[in-house]
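K.L.:
let's see this in three dimensions:
(4 chains)
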Number of protein chains: 2
Amino acid sequence: MKQYGQFCPLAKALDVVGDRWTLLIVRELAVRPCRYTDLRDGLPGIATNLLADRLKSLEAAGVITAEIAPPPVATTLYRLAERGEALLPAAHALAHWGAPLLADADDTDEVRARWLVPAVRTMFADVDVGDVEPLEVALDLEDEPIKLSVENGQLHAELGTARQPDVRIACDGPTAVAILRGQLHLDAATRHSRAQINGSRTARARLARLVAAGATRPQSAGETS
Amino acid sequence: MKQYGQFCPLAKALDVVGDRWTLLIVRELAVRPCRYTDLRDGLPGIATNLLADRLKSLEAAGVITAEIAPPPVATTLYRLAERGEALLPAAHALAHWGAPLLADADDTDEVRARWLVPAVRTMFADVDVGDVEPLEVALDLEDEPIKLSVENGQLHAELGTARQPDVRIACDGPTAVAILRGQLHLDAATRHSRAQINGSRTARARLARLVAAGATRPQSAGETS
DNA sequence: CTGCATCCGCTTCGATACTG
DNA sequence: CAGTATCGAAGCGGATGCAG
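P.N.:
This next block holds a predicted model:
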């Protein structure tokens, strides 16, 4: 019995997007249209047949569309349909609820730059860096670069390359997470060759203080705004 | 592999509430604290061991609490913890998205009065009944009674017994759904002994027109506000 | 009656291999 | 690149048993 068979809006929604991996596929497509391989990369651990199944049923449900892209791409592109876009508020609400759970996340978790952006926003929400001078940090992960910037005592995160960063960090995902959580000091990361860090001493020191400000606040699963 | 193992707030949320039945348990507890048996009744089709498993993991995750109620009840009562209440916005967002899917629901679906209330609200959202005279309908389902009322051209639905209803309908869930969808006329329902309907001729006629107003509007999965 | 635990057939999932 | 095919393992659904 795959369907719940209940005359209830929540049950009907879960009939469509309640299966394992389904909402995560929507998450990937929320950022940009994806090829099959892009999706597989963004969903580490998914079985390829499962991905194919999910894509078929999501298309049947009108949540996504599969179109054959013209020559520069020359492959099928999956993207959210209107009905899929309408799903984003629900996905964001769930993500917002899940954000505190990142605090006790395993450090073997997979990391993608695209996931890190909302995660960082949550980690540093309501954190007053206490430092009014602007600071720009380029965080070059393996898959994509991220730009962090401090303005008005608030930390901003977004995908993209920083033009003139005060600090540039190149490392893998778990290292970036450890640094941002304050579990791994910048100097220690350099010493253990886990990250390549460039930037003036003062800028690095300010980044260190920023991270410390984020780490000191209690991050338990109990907090939700 | 049960956990996704991704450093992503949505994935972390789904690690906790992404399993089958889990969000529906939250739905049940959102209405009122429940005993084990109440939950089983509200989740037709769930295997009893699954319910026990889910309750344990939800309690471990801090979403619900299990407390031994004092003598008048003398059994364990499950209720949402603070972290469970925080989940309701996400559940509502999903339900809102799923509401249009009720339009093509199977008529063999299980029906509970508690689920019908939000469903009716959705079915008649933005429906101007065009009738300013107040009307009160008692809808006595097998599990619980519902009160429908028309005020200012808007249909309101809530759990509870109507004191002085203009129309009283006693029937089972699927019949109620068929009537409210306009698929089964009041007279036909009476004729086939699927419902007992009491009330003045004029009140019944107004209810019929109200149902017709809800039924005529196109209800496809495409519409979402 | 409530609140599970156990057992069993079956479906789904996950991992790998393979193909157009 | 975009899937399909296969197979063992795990989870699910349903029935039953049983203690408090």
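K.L.:
how about residue A:119, nearest residue that isn't a chain neighbour?
P.N.:
Of all residues not flanking residue A:119 in the chain, residue A:102 sits nearest, at 5.6 Å (CB to CB, 6 or more residues apart in numbering or on different chains). Every C-beta, even on glycine, is put in place using the N, C-alpha and C of the backbone.
K.L.:
can you confirm that neighbour is in a strand?
P.N.:
No - counting by DSSP: H, G, I helix; E, B strand; the rest coil, residue A:102 is not part of a strand but helix.
K.L.:
and it, how far from DNA strand D?
P.N.:
Distance of residue A:102 to DNA strand D, given as CB to the nearest atom of the strand, to the nearest Å: 22 Å.
K.L.:
name the SS class of the residue nearest in space to the middle of chain A, please.
P.N.:
Residue closest to the average C-alpha location in chain A (CA atoms, centre = their mean): residue A:115, at 0.8 Å. Under the three-state scheme (three-state DSSP), residue A:115 adopts helix.
K.L.:
I figured residue A:117 hits residue A:157, correct?
P.N.:
Yes - counting by CB atoms under 8 Å, residue A:117 does reach residue A:157; the two are 4.9 Å apart.
K.L.:
now do the residue nearest to the centre of chain A against residue A:137, distance only.
P.N.:
From residue A:115 across to residue A:137, the span is 18 Å (CB to CB, to the nearest Å).
K.L.:
can you check residue A:10 too?
P.N.:
From residue A:10 to residue A:137 the distance is 41 Å (CB to CB).
K.L.:
please save the CA atoms from stretch A:96-115 in PDB.
P.N.:
Extracted C-alpha coordinates of stretch A:96-115, given in PDB (Å, rounded to 0.1, in the frame of the first residue of the first chain):
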ATOM      1  CA  HIS A  96      13.700  26.000   8.900                       C
ATOM      2  CA  TRP A  97      12.500  23.400  11.400                       C
ATOM      3  CA  GLY A  98      15.400  21.200  10.600                       C
ATOM      4  CA  ALA A  99      18.100  23.900  10.800                       C
ATOM      5  CA  PRO A 100      18.800  23.500  14.600                       C
ATOM      6  CA  LEU A 101      19.500  19.800  14.000                       C
ATOM      7  CA  LEU A 102      22.600  20.700  12.100                       C
ATOM      8  CA  ALA A 103      24.200  21.600  15.400                       C
ATOM      9  CA  ASP A 104      24.600  17.900  16.300                       C
ATOM     10  CA  ALA A 105      25.300  16.800  12.800                       C
ATOM     11  CA  ASP A 106      27.900  14.100  12.200                       C
ATOM     12  CA  ASP A 107      31.100  15.400  10.700                       C
ATOM     13  CA  THR A 108      31.000  12.600   8.100                       C
ATOM     14  CA  ASP A 109      28.000  14.200   6.500                       C
ATOM     15  CA  GLU A 110      28.200  15.100   2.900                       C
ATOM     16  CA  VAL A 111      28.500  18.800   2.200                       C
ATOM     17  CA  ARG A 112      27.600  20.800  -0.900                       C
ATOM     18  CA  ALA A 113      28.100  24.500  -1.300                       C
ATOM     19  CA  ARG A 114      24.500  24.900  -2.200                       C
ATOM     20  CA  TRP A 115      23.400  23.400   1.100                       C
END
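K.L.:
any part of it near DNA strand C?
P.N.:
No - Stretch A:96-115 does not reach DNA strand C (CB under 7 Å from any atom of the strand); its nearest approach is 11.9 Å.
K.L.:
avg pLDDT for that stretch?
P.N.:
For stretch A:96-115, mean pLDDT rounds to 90.
K.L.:
before we move on, back to that, return every residue with contacts to both of residue A:117 and residue A:157.
P.N.:
Listed contacts common to residue A:117 and residue A:157 are residue A:146; contacts here mean CB atoms under 8 Å, 6 or more residues apart in numbering or on different chains.
K.L.:
so what's residue A:94 up against?
P.N.:
With CB under 8 Å, 6+ apart, residue A:94 has these contacts: A:23, B:10, B:13-14, B:17, B:90, B:93-94.
K.L.:
give me the angle between the helix or strand it falls within and helix B:88-98.
P.N.:
Element membership for residue A:94 (DSSP states H and E) is helix A:88-98. Angle, helix A:88-98 to helix B:88-98, by axes from the mean of the first three to the mean of the last three CA atoms, to 10 degrees: 160 degrees.
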